[in-house]
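> Pasted the sequence and its predicted model underneath.
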Amino acid sequence: MVNITLIKIIILSVVLHSCNEQKNRGELQNVISKRDVENHQSYNQSDNTTLPFPDLNNQISQVVRTVFQDSKGNIWFGTENGAFRLNGESLIHIDSIESESGKGVTIKDIVEGKDGKIWFGHTDGIGSFDGELVTNYYESDGLISNDVWCIAADANGNIYIGTIDGACIFNGQEFTNFELPEGKIDSTLGVSSSKMVHSIMEDSKGTLWFSSNAGLFSYSNNMLVDVSDKVGIQTNFVNEIFEDKNGELWISTKKGLYNFRENKINNITEGKIEVGKGIGSIAEDKEGNIWFVSNQHYLYTYDRKKLSEYQKSEENKGPVIFQIYRDQYDRLWFVGYGGAYRLENGKFLNITKNGPW
């Protein structure tokens, strides 16, 4: 049985005007740690790039790692300063997600479980929130590693956790290691390992997908399949897999963006764009266009026929993108180094702790 640490949340805290008061944890610092900037699925900020902070003191966070909307419509932000929940017009800091020593954490991934609990993967373990209480879990509870990179929930209520040291499953009572083949260390990143798992996703058919430094793997009917080997993905380094509204899969890798259907892959970026450090986050807009980031800073759309680069400018370039996300209102979010943004009328709109929501 897992030893569980239950911590009561004081939800009358911080309608975000008070989040600047968290200086005792070193939050809202002007200098972003090398680890935070370098680490998101092969994405880091180049030394010669500077980004404007149009409203520095009012950013949700200088680094927003992930955004997620739950089944109740609440929008969650995972940041270098912990997690924030937007409920209507109120932005609340969930301040009891913390390391075992009581320090603040960087939230890297957020998901909703079958029972409605919100789960957080972060730099020092994982946590769940049931609307009133936060429960934190660590290596001392059976977690395979406190250095968590991704978290996912399946239809049966299991929670899958991807870390720097591999993957494990939590069934609500105990952790079980999930064995994946060992891969390679990505020497172009500041932090990497041969067992790193970047992303876990359950598709509409109930198949689980693991994107790792050993390639892409699928899991269904108690069978693990090395998809990279089977279809010929030409790199060990797979960042994520995304399912569009038609059930087609899109795979972001160090060598390009692959479309995957009928057990065949097609590298749609090969020879067409600069890939550099690889493809990052993927999303689909309401018209069915695929959006993705290439080589850290370049944003593209694909309309199933041609690639088009989104033309940024000094006045309109948004963040260094860690994640692209489409919410339930068909709005596209772009979060990363520089804060949270939405694309409104073709331009990046900076979303601060005061909105606009």
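Received, thanks.

> Residue 258: neighbour count?
Residues within reach of residue 258, counting by other Cβ atoms under 10 Å, total 26. (Each C-beta comes from the backbone N, C-alpha and C, glycine too.)

> For it, give its distance to residue 204.
19 Å (Cβ to Cβ, to the nearest Å).

> now swap in residue 100 and tell me
37 Å.

> More neighbours: the two, which one.
Between residue 100 and residue 204, counted using other Cβ under 10 Å, the more crowded position is residue 100 (15 against 8).

> hang on, the more buried one packs against residue 143?
No - Residue 100 is not in contact with residue 143 according to Cβ atoms under 8 Å; the separation is 10.4 Å.

> what's the overlap in contacts for the two?
The contact sets of residue 100 and residue 143 overlap at residue 125 (Cβ atoms under 8 Å, 6 or more residues apart in numbering).

> Quick check: residue 149 touching residue 106?
No - using Cβ under 8 Å, residue 149 and residue 106 do not qualify as a contacting pair, with a distance of 11.0 Å.

> Who has more neighbours out of those two?
Under the neighbour definition other Cβ under 10 Å, residue 149 and residue 106 were set side by side, and residue 149 has more, 25 against 19.

> any idea how far residue 246 is from the residue nearest to the more buried one when sequence neighbours are not counted?
Of all residues not flanking residue 149 in the chain, residue 162 sits nearest, at 5.3 Å (Cβ to Cβ, 6 or more residues apart in numbering). The gap separating residue 162 from residue 246 is 26 Å, by Cβ to Cβ.

> Measure how buried residue 281 is and give me the count.
When neighbours are defined as other Cβ under 10 Å, residue 281 has 25 of them.

> That one: what's it in contact with?
Contacts of residue 281 (Cβ under 8 Å, 6+ apart): 41, 240, 252, 292, 293, 321, 322, 323, 324, 325.

> of all those residues, which comes closest to residue 113?
Taking Cβ to Cβ as the measure, residue 113 lies nearest residue 325 of the contacts of residue 281, at 18.6 Å.

> Give the other helices and strands that the host helix or strand of that closest one contacts.
In this structure, residue 325 sits in strand 320-326 according to DSSP states H and E. Strand 320-326 sits against strand 64-69, strand 279-284, strand 290-294, strand 332-337, with contacts defined as 3 or more Cβ pairs under 8 Å, 6 or more residues apart in numbering; DSSP states H and E.

> Return the set of buried residues in the third one.
So the one you mean is strand 290-294. For strand 290-294, the neighbour count (16 or more other Cβ atoms under 10 Å) marks 290, 291, 292, 293, 294 as buried.

> and the angle from it to strand 279-284?
Angle, strand 290-294 to strand 279-284, by axes from the mean of the first three to the mean of the last three Cα atoms, to 10 degrees: 170 degrees.

> Give the next helix or strand downstream of strand 290-294.
Later in the chain than strand 290-294, the nearest helix or strand by DSSP H and E is strand 298-302.

> quick one: strands adjacent to that following strand?
strand 290-294 (antiparallel), strand 307-309 (antiparallel) (DSSP bridges).

> what's next to the last one, contact-wise?
In other words, strand 307-309. Outside strand 307-309, the residues that touch it by Cβ under 8 Å, 6+ apart are 268, 269, 272, 273, 298, 299, 300, 301, 302.

> ok, so of those, who is nearest residue 120?
residue 299 (26.8 Å).

> and that closest one, what pLDDT?
Here the pLDDT value assigned to residue 299 is 97.

> wouldn't it be in contact with residue 291 here?
Yes - between residue 299 and residue 291 there is a contact at 7.0 Å, judged by Cβ under 8 Å.

> ok so, going back, filter the contacts of strand 307-309 down to the buried ones, PyMOL style.
Remark: buried members of the contacts of strand 307-309, expressed as a PyMOL selection using 16+ other Cβ under 10 Å:
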select buried, resi 268+269+273+298+299+300+302
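
> with the contacts of strand 307-309 in mind, which one is nearest to residue 285?
Closest to residue 285, out of all of the contacts of strand 307-309 and judged by Cβ to Cβ, is residue 301, at 7.9 Å.

> okay, the helices and strands packed on strand 320-326 in TSV with mean pLDDT and distance to residue 139 next?
Shown next, in TSV, are these (pLDDT from 0 to 100; distance: least, Cβ to Cβ, whole Å):
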stretch	mean pLDDT	distance to residue 139
strand 64-69	98	21
strand 279-284	98	28
strand 290-294	97	32
strand 332-337	98	28
